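[1] only geometry, no sequence info:
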């Protein structure tokens, strides 16, 4: 009788250990609820920033909320001309930081360089991203150059 009791105890122990394995929820009928909330096999791709140059002038772009936009425009601040934003709906497209200027690689004084504007799509909507190249001290003069892109921001 002792052998029978020992065998029964061993069987119960094996069944309990088996229940602690990787699939106890399946045996409990919960797999449907958990399967719906599982992480999809293919991870969501990170949205890449959009890079714009003067070649994109006049185009239309579509962004997702949170997506970044970099606008690179050549200029020469030693002449008094600077790029500046003009009339952007900041509720839709937010200027993330002051534009940065990087001089050209050559060492010639006054040779110019490139301005980098950094924007973030803030909310769904439409706006026109307009940048003007002007001398701020010449109030009544039109801009020397204008960069403009229609921006549509979606969820």
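    Structure received. None of these values were measured; they are calculated from a predicted model. Numbers count the residues shown, from 1 in each chain.
[2] Tell me the confidence at the residue nearest the centre of the chain?
    With distances taken as CA atoms, centre = their mean, the residue of the chain nearest its centroid is residue 67 (3.1 Å). You'll see residue 67 listed with a pLDDT of 97.
[3] Okay, strands next: where are they in the chain?
    Using DSSP state E, the strands of the chain run over residues 50-52, 60-64, 68-75, 82-85, 93-95, 100-103, 113-121, 125-134, 145-154.
[4] Using a markdown table, lay out those strands together with mean neighbour count.
    Just so you know, the C-beta spots here come from the backbone N, C-alpha and C atoms, and that holds for glycine as well. Listed next are those as a markdown table, based on neighbours: other CB atoms under 10 Å:
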| stretch | mean neighbour count |
| --- | --- |
| strand 50-52 | 17 |
| strand 60-64 | 15 |
| strand 68-75 | 17 |
| strand 82-85 | 18 |
| strand 93-95 | 18 |
| strand 100-103 | 13 |
| strand 113-121 | 19 |
| strand 125-134 | 18 |
| strand 145-154 | 17 |
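[5] Lowest average pLDDT across those?
    Lowest mean pLDDT within the strands of the chain: strand 100-103, a mean of 90.
[6] tell me what it is packed against?
    Helices and strands touching strand 100-103, by 3 or more CB pairs under 8 Å, 6 or more residues apart in numbering; DSSP states H and E, are strand 113-121.
[7] And the strand it packs on, how far out from the chain middle?
    14 Å (CA atoms, centre = their mean, to the nearest Å).
[8] if we can go back for a sec, need the contact list for the residue nearest to the centre of the chain.
    The contact partners of residue 67, taken as CB atoms under 8 Å, 6 or more residues apart in numbering, are 47, 49, 50, 120, 121.
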